[in-house]
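One predicted model, sequence on top.
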Protein chains: 2
Amino acid sequence: MQKSMQEKVLEWSGVHPDDAFAIDGTNLYEKLGLQTFINLSTNFYNRVYDDEEEEWFRSIFANSKKEDAIQNQYEFFVQRMGGPPLYSQRRGHPALIARHRPFPVTREAAERWLHHMQQALDTTKDIDSDSKTKMMNFFRHTAFFLVAGDEMKNQNKQPKPAETE
Amino acid sequence: MQKSMQEKVLEWSGVHPDDAFAIDGTNLYEKLGLQTFINLSTNFYNRVYDDEEEEWFRSIFANSKKEDAIQNQYEFFVQRMGGPPLYSQRRGHPALIARHRPFPVTREAAERWLHHMQQALDTTKDIDSDSKTKMMNFFRHTAFFLVAGDEMKNQNKQPKPAETE
């Protein structure tokens, strides 16, 4: 699975893995601080839950509480970008594809997510442009990684004999 | 999903999340070094691929090349335990549950995996007992996290209307 998945993600996102994981070259948590991550996720989900232009996108989040969505997101970002493992201590491994199973993660949804995140990054104070670039590369890679993961889910709707225990 | 999943993992593994993620309190990669992780995964998979007592367990790995299994494992361990993001640069996010989908991750398989890992930890040189304890807690939590993830997969074999796009 992985070879073709990595190829798909590169093709769709246009982000090379080295750029996606350049977030590991600097400690963005130490650079930006916890409050900036809280502000970013709050800003992001305010936009998502107020998305009146693309009602279909907002509806994806209809069954999730905004406060939970914000906390899940900034705890994951903090953990992945050099800070304490807040997310895992509360919820276990990120398991990004499995935790997105309930949601329709299409290419259109990825682009809309990234649109709101770009806006949120641009309007959250104290995020320098180098950090912004690194984070957007990571987010763009990750968004399309989840699209690829979502497609695997659909493939599994027709179980092959080998998969039936 | 997550609340009950965390509860299941705690019940099955007996490992509190604080203990499972105590690996984040010290940098085990810096403490042990890359070669120790390579030795550990080599030792572990030598045992797995030679498991003659439990043929069913060995057969889970029949379609994977041992060299690939070793590399995937030590690269993930290195990345998760404080080292460079070797795994993600080559394969993307760990996405632990999704990447274990092809395998039958039962409780029996988790116990057999942990049995071999305990032996491997005990017979790989230069792993002090504090690091061993931290790693086993992390592995035990993770093994049963994957069992819980595997059960979600089986639930999804009867798709609910809401999941049909």
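Arrived safely, thanks for sending.

contacts, neighbours, all on C-alpha from now
Noted.

Pull the contacting residues for the closest residue to residue A:84 other than its chain neighbours.
Closest residue to residue A:84 apart from its sequence neighbours, by Cα to Cα, 6 or more residues apart in numbering or on different chains: residue A:78 at 6.8 Å. By Cα atoms under 8 Å, 6 or more residues apart in numbering or on different chains, residue A:78 lies in contact with A:29, A:34, A:37, A:84, A:85, A:86.

Put the alpha carbons of the host helix or strand of residue A:78 into CSV.
Assigned by DSSP states H and E, residue A:78 belongs to helix A:66-80. Coordinates of each C-alpha in helix A:66-80 appear next as CSV, following Å, rounded to 0.1, in the frame of the first residue of the first chain:
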residue,chain,number,x,y,z
LYS,A,66,-16.3,23.1,18.5
GLU,A,67,-14.5,23.2,21.9
ASP,A,68,-13.5,19.5,21.4
ALA,A,69,-12.4,20.0,17.9
ILE,A,70,-10.2,22.9,19.0
GLN,A,71,-8.6,21.0,21.8
ASN,A,72,-8.0,17.9,19.7
GLN,A,73,-6.3,19.9,17.1
TYR,A,74,-4.0,22.1,19.1
GLU,A,75,-3.0,19.2,21.4
PHE,A,76,-2.0,17.2,18.3
PHE,A,77,-0.2,20.1,16.7
VAL,A,78,1.7,20.8,20.0
GLN,A,79,2.7,17.2,20.3
ARG,A,80,3.8,16.8,16.7
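
That one: which residues count as buried?
A:66, A:70, A:71, A:72, A:73, A:74, A:75, A:76, A:77, A:78, A:79, A:80 (16 or more other Cα atoms under 10 Å in any protein chain shown).

Show the average pLDDT along it.
What helix A:66-80 shows for mean pLDDT is 98.

Stretch A:7-25 too?
Mean predicted lDDT for stretch A:7-25 stands at 95.

Quick check: end-to-end length of it?
23 Å (Cα to Cα, to the nearest Å).

returning to that earlier point: could you check how far the residue nearest to residue A:84 is from residue A:114?
Counting by Cα to Cα, the gap from residue A:78 to residue A:114 is 18 Å.

for whichever residue of chain A sits closest to chain B, what are its contacts?
Going by Cα to the nearest Cα, chain B is nearest to residue A:95 of chain A, at 4.5 Å. Residue A:95 makes contacts with B:94, B:95, B:96, B:97, B:98, as judged by Cα under 8 Å, 6+ apart.

ok, and the most crowded of the residues you listed?
residue B:97 (25 neighbours; other Cα atoms under 10 Å in any protein chain shown).

isn't that residue right up against residue B:149?
Yes. At 5.7 Å, residue B:97 and residue B:149 qualify as touching, with contact defined as Cα atoms under 8 Å.

Just give the number of residues close to the closest residue in space to residue A:131 that isn't next to it in sequence.
Excluding its sequence neighbours, the residue lying closest to residue A:131 (Cα to Cα, 6+ apart) is residue A:28, at 7.1 Å. Neighbours of residue A:28 under the rule other Cα under 10 Å: 22.

I'd guessed residue A:28 sits against residue A:77; true?
No. Residue A:28 lies out of contact with residue A:77 (Cα under 8 Å); the separation is 9.5 Å.

Ranking helices and strands of chain A by mean pLDDT, which lands last?
Ranked by mean pLDDT, DSSP states H and E, the helix or strand of chain A with the weakest confidence is helix A:2-13, at a mean of 86.

got the buried residues for the longest helix seen in chain A?
When chain A is parsed with DSSP state H, its longest helix is helix A:129-155. Residues of helix A:129-155 classed as buried: A:131, A:133-150, A:153 (neighbour count, 16+ other Cα under 10 Å).

hang on, the earlier thing: neighbouring contacts of the least confident helix or strand of chain A?
A:16, A:17, A:140, A:141, A:144, A:145, A:148, B:91, B:92.
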